[in-house]
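Novice: coordinates for the following, if possible.
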Amino acid sequence: MQVTTSRVKRPFPREDAAPTFEGMKARSPGQRLPRTVSMSALVLSTALCATPAASQSVSSAQARTLFQAGIAHAQAGTWSEALKAFQRAYDLAAEPAVLFNLAGAQLRVGRMLAAASNYTRFRHLDHASIGPIHRAAADQQLAWIEAHVPRLRVAVNGLTERDKLTIDRQRISPKDAELEHWLDPGAHEVSLVRPDGHAQTHRIVLAESEHRLLALTLP
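Specialist: Predicted coordinates for the structure are as follows:
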């Protein structure tokens with residue numbers, strides 16, 4: 001087995017750069033957008049309190065409480081707890097502000113692929129509370145993820161359709177093996193099983209911004 005690694009480290013978005021919906025003022029084209037990870041609880045409150053308090057559902061009130069707890073955890077830097085709170089809030093009330101913050105928390109704990117999926121979902125929502133500055137912020141986060149997500153290519157000599165190649169238990173076809181596979185930072189497992197019973201498993205750890213080629217030689 002041969003492994004080659006190319007890594008470029010870049011700084012993570014600043015912890016002190018956390019604009020809110022109401023904090024995103026119009027900027028001239030030349031100004032840098034802030035790297036966003038959270039929004040104010042006021043955004044969710046506005047979305048969930050459109051009806052009188054007496055008629056609000058229990059789930060909406062719970063979602064608002066969970067969202068505010070998520071914001072507090074994010075401000076304290078306890079991102080795992082923030083992620084749990086935002087996820088529970090989103091399960092109860094699929095509001096844009098909750099989705100945006102959920103994506104930010106996922107990014108902070110290293111779940112880049114889930115964050116990218118949710119930023120993309122946010123980017124394409126048709127909701128009155130989302131303006132061009134908010135979509136631009138989501139676009140910036142997506143661009144940051146694309147620049148920093150780990151990538152893995154697997155090269156196997158003589159790989160055929162009868163061979164079973166998997167990355168984290170997901171089967172990869174021979175024609176796709178050498179494509180760049182986007183993966184979250186952390187531990188991953190690459191497995192190869194041949195029809196004759198020969199099998200090999202390789203456990204690797206990918207760092208943020210790392211591009212790796214895993215070259216396997218079959219008997």
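Novice: after the longest helix belonging to the chain, next one along is what?
Specialist: Ranked by number of residues, the top helix in the chain under DSSP state H is helix 58-76. Next in sequence after helix 58-76, counting helices and strands by DSSP states H and E, comes helix 79-92.
Novice: got the angle for that next one vs helix 58-76?
Specialist: 160 degrees (axes from the mean of the first three to the mean of the last three C-alpha atoms, to 10 degrees).
Novice: only the buried residues of the longest helix of the chain, if you could.
Specialist: Buried residues in helix 58-76, defined by neighbour count with 16 or more other C-beta atoms under 10 Å: 60, 63-71, 73-74. To be clear about C-beta, it is placed using only N, CA and C from the backbone, and glycine gets the same treatment.
Novice: export those residues to CSV and tack on distance to I167 and pLDDT?
Specialist: Supplementary listing: the buried residues of helix 58-76 in CSV, determined by distance: C-beta to C-beta, whole Å; pLDDT from 0 to 100:
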residue, distance to I167, pLDDT
S60, 40, 86
A63, 36, 90
R64, 40, 90
T65, 39, 93
L66, 34, 94
F67, 35, 91
Q68, 39, 90
A69, 35, 93
G70, 31, 92
I71, 35, 90
H73, 32, 93
A74, 31, 90
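Novice: and of those, the nearest to L102?
Specialist: Within those, proximity to L102 (C-beta to C-beta) peaks at G70, which comes in at 8.2 Å.
Novice: now the closest one, nearest residue through space, not along the chain?
Specialist: Across the structure, with C-beta to C-beta, 6 or more residues apart in numbering as the measure, the residue nearest G70 apart from its sequence neighbours is A85 (3.5 Å).
Novice: ok, now E161?
Specialist: Taking C-beta to C-beta, 6+ apart, and ignoring the residues beside it in sequence, E161 has P174 as its nearest neighbour in space, at 6.2 Å.
Novice: how many neighbours does the one you found have?
Specialist: Counted with other C-beta atoms under 10 Å, the burial measure for P174 works out to 14 neighbours.
Novice: roughly how far does the residue nearest in space to the middle of the chain sit from Q140?
Specialist: Centroid-nearest residue in the chain: A115, 1.9 Å away (criterion: C-alpha atoms, centre = their mean). Counting by C-beta to C-beta, to the nearest Å, the gap from A115 to Q140 is 13 Å.
Novice: can you check V98 too?
Specialist: As judged by C-beta to C-beta, V98 and Q140 stand 19 Å apart.
Novice: the two: who's more crowded?
Specialist: A count of neighbours by other C-beta under 10 Å puts V98 above the other of V98 and Q140, at 29 against 17.
Novice: hang on, the earlier thing: which residues touch the residue nearest to E161?
Specialist: Under the criterion of C-beta atoms under 8 Å, 6 or more residues apart in numbering, the contact partners of P174 comprise 156, 159-161, 163, 165.
Novice: try 7 Å this time
Specialist: P174 makes contacts with 159-161, as judged by C-beta atoms under 7 Å, 6 or more residues apart in numbering.
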